[in-house]
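Peer 1: fold the following, please.
(2 chains)
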2 protein chains.
Amino acid sequence: MRIGIIGGGQLARMLALAGYPLGLRFVLLDPAPDACAGQVAELIQGDYDDREKLAQLADRVDVVTFDFENVPAAAAHFLEETVLVYPPPLALEIAQDRLAEKTLFRELGIATPAFAAVDSLETLYTAVKQVGLPAVLKTRRLGYDGKGQWLLRDKADIEPAWRALDGVSLILEGFVPFLREVSILALRDRHESMAFYPLVENRHRGGILRLSRAPYEDIALAQQARDYAGRILQRLDYVGLLAIEFFVLDGQLLANEMAPRVHNSGHWTIEGAETSQFENHLRAILRLPLGSTAARGYSAMINFIGELPDLNAFLGVPGLHFHSYGKAPRSGRKVGHATLRADDPAMLEAELGKLLPLVGVG
Amino acid sequence: MRIGIIGGGQLARMLALAGYPLGLRFVLLDPAPDACAGQVAELIQGDYDDREKLAQLADRVDVVTFDFENVPAAAAHFLEETVLVYPPPLALEIAQDRLAEKTLFRELGIATPAFAAVDSLETLYTAVKQVGLPAVLKTRRLGYDGKGQWLLRDKADIEPAWRALDGVSLILEGFVPFLREVSILALRDRHESMAFYPLVENRHRGGILRLSRAPYEDIALAQQARDYAGRILQRLDYVGLLAIEFFVLDGQLLANEMAPRVHNSGHWTIEGAETSQFENHLRAILRLPLGSTAARGYSAMINFIGELPDLNAFLGVPGLHFHSYGKAPRSGRKVGHATLRADDPAMLEAELGKLLPLVGVG
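Peer 2: Here you go, the predicted model:
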């Protein structure tokens, strides 16, 4: 079987590495000739809306999937005419639009921060009244890792924010003074079976995920997250892995966003779960039985942003697993991660405490 | 860093898959245009003694290693002139010759079955007197998976065996009516540090490994195996992973043979040990710290010979990890393996009992 992947970044790279043991082959489409997954799989260089290249890809593979959610909806629908496409393009479309996403959550009875659509200065003022301050004004589309967001602390911030973000569709969201952010990785396969990984606790800095710990052991929250995720999977007739990020407020989950793909907060599953998110995503879209999502001990995943740390220092840490994405260093770029795994949570924290300062996470 | 691998079979394939997360790149040399590791890394098609191709490979990489031990010694020495080559070619030369191998074991005080060199019918008769019957007459070179062996039960077998194997250098070995065969995977890095995986118990059929279980828990034997392996590693100034197979007779180890490379009886380490044999071999030859060799629970590895079993049936087993080598089916060919892992040994045996009949291992 051959799998096509739209996008050739680190997620495509890790999907391919997880798929080779299943006997799969991979063909990628990416505009960058040096896309890092091209080091481990065949790369078609082309734009995501290049119909000729999309047709070439569709012709070569049995199923197409994605390594990022901002694939043009038209491209996904074009592919669907000739080849199986999972997750469903509808999920992409919803995840590309913060307003559609939050509206879906609300329809499904999933708690979210307060939110309102903004498309003019007038509706922004109305939205502020509705949502209250502080609030966050965000672009509806193409926000990524904290880009395209504007914090409104008081009324004086409203007009500057509007001027900065004017011209695009916006959403105003109530600011959540959260202490904790968690995510769930949920799976649904072509037989409509569902499976869920344990909850993950995430720490961001500058809008970029820096640290994930799993499993985050809170039975009630995990149950709530599985329940919420199940509603979304079923409503979208979803196939593949879906990640949902939540804020934890007063012991309750508030859904923040979803990603219809394998997810950074699931990288720990490569060594820390019985089956990795990458393998399970492939199993799901190929009509193969899902593998166990059980955690194996305790894991912490550290993202490497901008550049890789010293390989020697990191590999010397017992239970550490290193993942370079084969990328050139660049400020703000995700270039790799490491997962630290231990059978004992105290041992994990002890080792983690030594490592975090080395990568600027205190 | 770029790694060159002589040979592009499943061992090269699994080395590459283990090396990508370390940020490594791979270039392979193999005479077969469809060598299965060529699906996951760059392949130079050429014979192992083609100096032009060897020079091309050496020019492209920082270190060269092997995926099989019968690399022509001249090729290994040729490479050594321009590039780092690990394990040392001396280890290849010894492992290519059963007599040199057994002689090394004897010199290092490592118990072996009785053996004697045979190069004429006359020396065969002398060897039979020395070793006793039953005994096994083997080619000194190029024996592989039980090929080139002849069991001598009584004197009447001597002359037919000689006629069948005449013309090549031979070794006669005492027949060991062993109940158990075990192996150890040992590592030595460029800093001369050593590390050892737990003992593995192996079951062969028709001279081909079918089933490995790890860890095989016998403290005294494990200590003896580590001690023996350490002597060999040091004597050969070895760098990389070395596998040594032993018979267990009367509670003692008798060394049977060694393989200066990653080894089939170490495939369980991918999921069943903290660091896989493939990653640790790469760490050793790259002057990186070795990873933990500790087992994670209990593992059983089943080889798939000739053809792959039904992927659906196998993936449905909890804790099972499937490894296709991307090869076409062919009688007697190793085309894949599966590792079953469990935290509890009784659960492992229960699942294994259901699987073994499906692959013809009772």
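
Peer 1: next up, phi/psi of residue A:178, please.
Peer 2: Note on residue A:178: its backbone torsions stand at phi -80, psi 150 [degrees, to the nearest 10].

Peer 1: what's it in contact with, if anything?
Peer 2: Neighbouring residues of residue A:178 by Cβ atoms under 8 Å, 6 or more residues apart in numbering or on different chains: A:247-249, A:254. C-beta: built from backbone N, CA, C; applies to glycine.

Peer 1: got a PyMOL select line for the buried ones in those?
Peer 2: Of the contacts of residue A:178, the buried ones go into a single PyMOL selection, burial set by 16 or more other Cβ atoms under 10 Å in any protein chain shown:
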select buried, chain A and resi 247+248+254
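
Peer 1: turn the contacts of residue A:178 into CSV, including secondary structure.
Peer 2: Listed next are the contacts of residue A:178 as CSV, based on DSSP: H, G, I helix; E, B strand; the rest coil:
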residue, secondary structure
A:247, strand
A:248, strand
A:249, strand
A:254, strand
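
Peer 1: ok, so of the contacts of residue A:178, who is nearest chain B?
Peer 2: residue A:248 (30.0 Å; Cβ to the nearest Cβ).

Peer 1: okay, stretch A:133-151 in CSV with CA atoms only?
Peer 2: C-alpha atoms of stretch A:133-151 as CSV (Å, rounded to 0.1, in the frame of the first residue of the first chain):
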residue,chain,number,x,y,z
LEU,A,133,-12.4,41.8,29.0
PRO,A,134,-9.7,40.6,29.0
ALA,A,135,-10.2,38.9,25.7
VAL,A,136,-8.1,37.7,22.8
LEU,A,137,-8.8,38.9,19.3
LYS,A,138,-7.7,36.2,16.8
THR,A,139,-7.7,35.7,13.1
ARG,A,140,-10.3,33.1,12.1
ARG,A,141,-7.9,31.5,9.7
LEU,A,142,-4.2,30.6,9.5
GLY,A,143,-3.4,31.4,13.1
TYR,A,144,-0.5,29.1,14.0
ASP,A,145,1.6,28.7,17.1
GLY,A,146,0.3,32.0,18.6
LYS,A,147,0.7,34.1,15.5
GLY,A,148,-2.2,36.4,14.6
GLN,A,149,-3.4,36.9,18.1
TRP,A,150,-4.0,40.2,20.1
LEU,A,151,-4.6,40.4,23.8
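
Peer 1: that stretch - what's its average pLDDT?
Peer 2: Model confidence over stretch A:133-151 averages 80 on the pLDDT scale.

Peer 1: need phi/psi at the residue nearest to the spatial centre of chain A.
Peer 2: Nearest residue to the geometric centre of chain A (Cα atoms, centre = their mean): residue A:263, 3.5 Å. Torsion angles at residue A:263 (phi, psi; degrees, to the nearest 10) stand at phi -140, psi 150.

Peer 1: residue A:25 too?
Peer 2: phi -120, psi 160.

Peer 1: I figured it hits residue A:15, correct?
Peer 2: No - Residue A:25 is not in contact with residue A:15 according to Cβ atoms under 8 Å; the separation is 12.0 Å.

Peer 1: any shared contact partners between those two?
Peer 2: With Cβ under 8 Å, 6+ apart, residue A:25 and residue A:15 have common neighbours residue A:3.

Peer 1: and the two most separated of the contacts of residue A:178?
Peer 2: Spatial extent of these (Cβ to Cβ) is set by the pair A:248 and A:254 at 7.8 Å.

Peer 1: quick one: name the residues of chain A near chain B.
Peer 2: A:13, A:17, A:20-23, A:25, A:39-40, A:274-275, A:283, A:288-289, A:291-292, A:296, A:308, A:311-312, A:315-316, A:318-326, A:336, A:341 (Cβ under 8 Å from any Cβ of the partner chain).

Peer 1: what's the longest helix belonging to chain A in contact with?
Peer 2: Secondary structure of chain A per DSSP state H: the longest helix is helix A:219-235. Residues lying outside helix A:219-235 but in contact with it, judged by Cβ under 8 Å, 6+ apart, are A:104-105, A:108-110, A:182, A:184, A:186, A:188, A:194, A:196, A:198-199, A:216, A:238, A:242, A:244, A:246, A:248, A:251-253, A:255, A:258.

Peer 1: residue B:190 versus the nearest residue to residue A:139 once chain neighbours are set aside, what's the distance?
Peer 2: Among residues not flanking residue A:139 along the chain, residue A:148 sits closest, at 3.9 Å (Cβ to Cβ, 6 or more residues apart in numbering or on different chains). Applying Cβ to Cβ, to the nearest Å, the value for residue A:148 to residue B:190 is 48 Å.

Peer 1: got it, and residue A:113?
Peer 2: 54 Å.

Peer 1: hmm, back to that, which one's more surrounded, residue A:148 and residue B:190?
Peer 2: Neighbour count, other Cβ atoms under 10 Å in any protein chain shown: between residue A:148 and residue B:190, residue A:148 has more, with 19 against 16.

Peer 1: confirm that residue A:243 sits in a strand.
Peer 2: Yes - under three-state DSSP, residue A:243 falls within a strand.

Peer 1: quick one: residues contacting the residue in the stretch 1-150 of chain A positioned nearest to chain B.
Peer 2: Sorted by distance to chain B under Cβ to the nearest Cβ, the residues of the stretch 1-150 of chain A start with residue A:23, at 3.1 Å. Shown in contact with residue A:23 (Cβ under 8 Å, 6+ apart): A:1, B:308, B:311, B:324-326, B:336.

Peer 1: likewise residue A:139?
Peer 2: So residue A:139 contacts A:98, A:148-149, A:165, A:168-171 (Cβ under 8 Å, 6+ apart).

Peer 1: repeat that for 10 Å
Peer 2: Contacts for residue A:139 (Cβ atoms under 10 Å, 6 or more residues apart in numbering or on different chains) come out as A:97-98, A:147-150, A:165, A:168-171.

Peer 1: beta partners of it?
Peer 2: As for beta bridges, residue A:139 partners with residue A:170 under DSSP bridges.

Peer 1: so who does the nearest residue to residue A:316 once chain neighbours are set aside touch?
Peer 2: Nearest residue to residue A:316, sequence neighbours excluded (Cβ to Cβ, 6+ apart): residue B:289, at 4.2 Å. Residue B:289 sits next to A:311-318, A:320, B:189, B:191, B:193, B:280, B:283 when contact means Cβ under 10 Å, 6+ apart.

Peer 1: pLDDT value on residue B:289, please?
Peer 2: pLDDT at residue B:289 comes out at 96.

Peer 1: any idea how far residue A:53 is from it?
Peer 2: From residue B:289 across to residue A:53, the span is 43 Å (Cβ to Cβ).

Peer 1: again, but for residue A:244
Peer 2: 31 Å.

Peer 1: could you do residue A:325 as well?
Peer 2: With Cβ to Cβ as the criterion, residue A:325 and residue A:53 are 23 Å apart.

Peer 1: likewise for residue A:132?
Peer 2: The value you get for residue A:132 to residue A:53, if Cβ to Cβ is used, is 47 Å.

Peer 1: which one of the two is surrounded by more residues?
Peer 2: Each of residue A:132 and residue A:53 has its neighbours counted (other Cβ under 10 Å); residue A:53 has more, 18 against 12.
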